[in-house]
Structure formats: C-alpha cells, structure tokens
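Enquirer: this is a predicted model, with the sequence first.
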Amino acid sequence: MEDVERLEAFQAKIDREEKIEPKDWMPAEYRKHLIRQISQHAHSEVIGMQPEGNWITRAPSLRAKVVLLAKIQDEAGHGLYLYCAAETLGISREELLEQLHSGKAKYSSIFNYPTLNWADMGAVGWLVDGAAIVNQVSLQRTSFGPYSRGMVRICKEESFHQRQGYEIMATMAKGTPEQKRMAQEALDRIWWPALGMFGPHDKDSPNTGNAMKWKIKRETNDELRQKFIDKTVQQAEVIGLTVPDPDMKWNEDKGQYDHGEIDWEEFMNVVRGKGPCNAQRLEHHKKAHDEGRWVRDAATAYAKKQQSKKQVA
Ligand code: FAQ
C-alpha cells in the first residue's frame, strides 16, 4: 500500500478505538512519539524510587517500613513493564538507558526535589502518586496496546500508593502540633512541583497536538491538572490541611476550582537539568547500573546455558 493509504488506514483504526499493536504498520512519527513518552515514563518510575528509598531505614515503625518497601518495589515493577512496552517498538533496553544517562531522555521533574523528612513520604504518596493516577487512568485508554495494558496493571497498584501516603498525612495532621506542622510544610513543599507533573499549559505543549490526534493522550495536560486539583483540595480539607495557593477558590459556574499559576521558570529549570537533585539522581542511577553489571552478565550467561541445554535435548 502507498504511505497515504496506510496512514488513512492507521488513523481509521485509531478512530474506531482499536488498539495499535507492535507488529502493525505505524508512521515513524507515532513510533518515535511513543518511545519518547513511554521511556520517559519508565525512567520516572525508576528514578522515582530514590526520594522514597531515602527514608526506608528511617521509617518510624516496622509497619511503615514494610508498606514503604512494598510501594517502592512496585515502582520498580512499573518501570519494567514500561521498558518492555517501549522495547516492543524496536528500541533496546541498553539504548533506553543510554538516553537516560546522556540526558537525552527526560524523567518527571518532581523527582528532582529532595525528601526532607517523614512527612514528605506522606506528601509524595498522596500528591505524586495521586497526580500519577489521574494521568495514568486516562492513559489506560491510550491507542498503543502494550502501553494501555501496562497502565491497567499499574493503576491498580497506584491507588494503594496514594492511600498509603494519605494515611501518613492524615495520621500526622491529627497528631501533635509539631507533627501537624510537618505535614502542612510537606504539602507546601510538594504541591507546586506535583502540579508541574502534568506538563506545560496546552498552549505551550508541542506534543499534545499529535498525541490527541493519535489518541496517545486522551486528555490534555491542563484538563488532567484541573481534575487532580478538584479532587485533592477537598482531600486536604478533610484532614485539616490547606493547599499553599491563595488564589484557590471554588468557581460555582465552572464547577471547578480556580487556582494560581505554577512558577514556570522554576519548572523549566528543573526540566532542563538544573533542579535541586538532578545531578544526584542521575549519578546514583549510573552507579547502581554499573554495580549491577555482574548480575546482568550472570543472568544472561545462565539464560544462554539453559537455551543450549534445550537445543541439545
Ligand atoms: N517533567 O509537549 P509536552 C509516577 C517535557 S510516574 C519533565 O506537554 P507530553 C509514579 C516533555 O517530555 C510519573 N519533563 O509533552 C511514581 C516534553 O519534552 P520532550 C511520570 C516534562 O509528552 C510515584 C516537553 O516537556 N508519569 O509518578 C514534564 O505531551 C512516586 C514538552 O511537554 C509520566 O511520565 C515534567 N513534569 O506531555 C514513581 C506519565 N512535563 O520529551 C515513584 C506519562 C513535560 O519533547 C514514586 N507521560 N515535560 O523532550 C505523559 O503523560 C506526558 O509525557 C506528560 C508530558 C504529560 C508528562
């Protein structure tokens, strides 16, 4: 078929709400777009383990430690599903990691902020996983089959993550005045970076046009950010905390909250690698990757040996 016909057939399939699968024909731009987004998503899951990993040894109880450990291990699993989904598009794991280490591939800006105390574990679970769920529930309906199916599994686990964070915040908010202050300060620190997770305003988002046409994204950055705000402001009120936005106000006519503006200059600085922890996060990942080389070599050698045994038998 000519490319024009193929393109029409491809778009028609998307418009019929049928999934695109790895062996289907797809335009090079669609493949490239997906590799960029899925790999950025995978890197975020894995780099996102660092700010929470920082608190495993200092969790305030055995229960808190077990819950946090389970949550962080889930994030590693999410990274693996997503790397596998990206690999079905014809890129290798080595190339994906090379792009992360060279700075070509991004990961979510939120993970370049430090986690200063235990209340931050609550705020990260509640707000960061909360924002991730809003985005990922929408991505369950994305047009690429492996990404969509990965999202279904991931969303089931993310809702536990959000609740464990909210539980920490609720407990601290009704604790001593000092604990309540810590919870409020964690909310103050993480609120604006969490809103940045949804990306730039739609008018400043170069990828949204194609993403919506190809149904990679089902809702825009601003639509998802608004959904998150509308849900979360009320959750804060329930536990007696206040979001740090003096312009936050319920708009009866629109049926949603009006809110203040993100500091976009700070956002862009963090995205461009100049956030408080960008260098530290990448260094740590590179070091762990180098130190794990012997495990990968051993696993590959074992798999090869099993394969040759099968061939002999
Ligand atoms: N940070 O044109 P758009 C989690 C970049 S997982 C860094 O709007 P797009 C679980 C963007 O890549 C959280 N960069 O781009 C967890 C693009 O640059 P590029 C991760 C950002 O793709 C919790 C440029 O700006 N979730 O939290 C950010 O249409 C706790 C222009 O932007 C996902 O990755 C940002 N915040 O929309 C784990 C969801 N925003 O690539 C551990 C999947 C924008 O052209 C612990 N991704 N950029 O060089 C998406 O939904 C989309 O990629 C968006 C951005 C919405 C992030």
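Expert: Yep, it's here.

Enquirer: where does the stretch 151-300 of the chain come near the ligand, residue by residue?
Expert: Residues of the stretch 151-300 of the chain lying near the ligand by C-beta under 6 Å from any ligand atom: 196-200, 205-208, 211, 221, 271. C-beta: built from backbone N, CA, C; applies to glycine.

Enquirer: PyMOL command for the buried members of the residues you listed?
Expert: Restricted to buried positions by 16 or more other C-beta atoms under 10 Å, the PyMOL selection for those reads:
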select buried, resi 196+197+198+199+200+205+208+211+221+271
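
Enquirer: make TSV from the residues of the stretch 151-300 of the chain next to the ligand and add pLDDT and secondary structure to it.
Expert: Formatted as TSV, those follow (pLDDT from 0 to 100; DSSP: H, G, I helix; E, B strand; the rest coil):
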residue	pLDDT	secondary structure
196	98	helix
197	98	coil
198	98	coil
199	98	coil
200	98	coil
205	98	coil
206	98	coil
207	98	coil
208	98	helix
211	98	helix
221	98	helix
271	97	helix
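
Enquirer: just want the residue of the protein that's nearest the ligand.
Expert: residue 48 (2.5 Å; C-beta to the nearest ligand atom).

Enquirer: number of nearby residues for that residue?
Expert: 24 (other C-beta atoms under 10 Å).

Enquirer: distance of it from residue 275?
Expert: Distance of residue 48 to residue 275, computed by C-beta to C-beta, to the nearest Å: 14 Å.

Enquirer: do residue 60 as well
Expert: For residue 60, the distance to residue 275 equals 28 Å [C-beta to C-beta].

Enquirer: more neighbours: these two, which one.
Expert: The neighbour count for residue 60 versus residue 275, taken as other C-beta under 10 Å, is higher for residue 275 (21 against 12).

Enquirer: and that one, what's its pLDDT?
Expert: What the model reports as pLDDT for residue 275 is 97.

Enquirer: now do residue 1
Expert: On the pLDDT scale, residue 1 is placed at 62.

Enquirer: what about residue 235, neighbour count?
Expert: Quick note: residue 235 (other C-beta under 10 Å) scores 17 neighbours.

Enquirer: the residue of the chain closest to the ligand and residue 210: what is the separation?
Expert: In this view, residue 48 and residue 210 are 26 Å apart by C-beta to C-beta.

Enquirer: what does stretch 3-11 contact?
Expert: Contact with stretch 3-11 is made by 1, 20, 24-27, 30, 213-214, as judged by C-beta atoms under 8 Å, 6 or more residues apart in numbering.

Enquirer: farthest pair within those residues?
Expert: Farthest-apart pair in these is 1 and 213; separation 20.4 Å (C-beta to C-beta).

Enquirer: neighbour-wise, which of these two wins?
Expert: Shown here are residue 1 and residue 213; by other C-beta under 10 Å, residue 213 has more neighbours (13 against 9).

Enquirer: off-centre distance for the helix or strand containing residue 14?
Expert: Following DSSP states H and E, one finds residue 14 within helix 3-15. Its chain's C-alpha centre and that of helix 3-15 lie 30 Å apart, by C-alpha atoms, centre = their mean, to the nearest Å.

Enquirer: buried stuff in it?
Expert: 10, 13-14.

Enquirer: same question, stretch 183-196
Expert: 183-187, 189-196.

Enquirer: report the separation between the residue of the chain closest to the ligand and residue 40.
Expert: Counting by C-beta to C-beta, the separation of residue 48 from residue 40 is 12 Å.

Enquirer: overlap of the contact sets of the two?
Expert: The overlap between the contact sets of residue 48 and residue 40 (C-beta under 8 Å, 6+ apart) consists of 107-108.

Enquirer: got the contact list for the residue of the chain closest to the ligand?
Expert: Contact analysis of residue 48 by C-beta under 8 Å, 6+ apart lists 75, 107-108, 110-111, 128.

Enquirer: if we go to 10 Å?
Expert: Counting by C-beta atoms under 10 Å, 6 or more residues apart in numbering, residue 48 makes contact with 72, 75-76, 78-79, 107-108, 110-111, 124, 128-129, 132, 281.

Enquirer: kindly export the one helix or strand residue 189 maps to (C-alpha atoms) in PDB.
Expert: Residue 189 is part of helix 177-196, with elements assigned from DSSP H and E. What follows is helix 177-196, C-alpha atoms only, in PDB (Å, rounded to 0.1, in the frame of the first residue of the first chain):
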ATOM      1  CA  PRO A 177       1.000  20.300  66.800                       C
ATOM      2  CA  GLU A 178       4.600  19.600  65.700                       C
ATOM      3  CA  GLN A 179       3.500  16.700  63.500                       C
ATOM      4  CA  LYS A 180       0.700  18.700  62.000                       C
ATOM      5  CA  ARG A 181       3.200  21.500  61.200                       C
ATOM      6  CA  MET A 182       5.400  18.900  59.500                       C
ATOM      7  CA  ALA A 183       2.500  17.600  57.400                       C
ATOM      8  CA  GLN A 184       1.500  21.100  56.300                       C
ATOM      9  CA  GLU A 185       5.100  22.000  55.400                       C
ATOM     10  CA  ALA A 186       5.400  18.900  53.300                       C
ATOM     11  CA  LEU A 187       2.200  19.800  51.500                       C
ATOM     12  CA  ASP A 188       3.600  23.300  51.000                       C
ATOM     13  CA  ARG A 189       6.800  22.000  49.500                       C
ATOM     14  CA  ILE A 190       5.300  19.300  47.200                       C
ATOM     15  CA  TRP A 191       2.100  20.900  46.000                       C
ATOM     16  CA  TRP A 192       3.500  23.100  43.200                       C
ATOM     17  CA  PRO A 193       6.100  20.500  41.900                       C
ATOM     18  CA  ALA A 194       3.200  17.900  41.800                       C
ATOM     19  CA  LEU A 195       1.100  20.300  39.600                       C
ATOM     20  CA  GLY A 196       4.100  20.500  37.300                       C
END
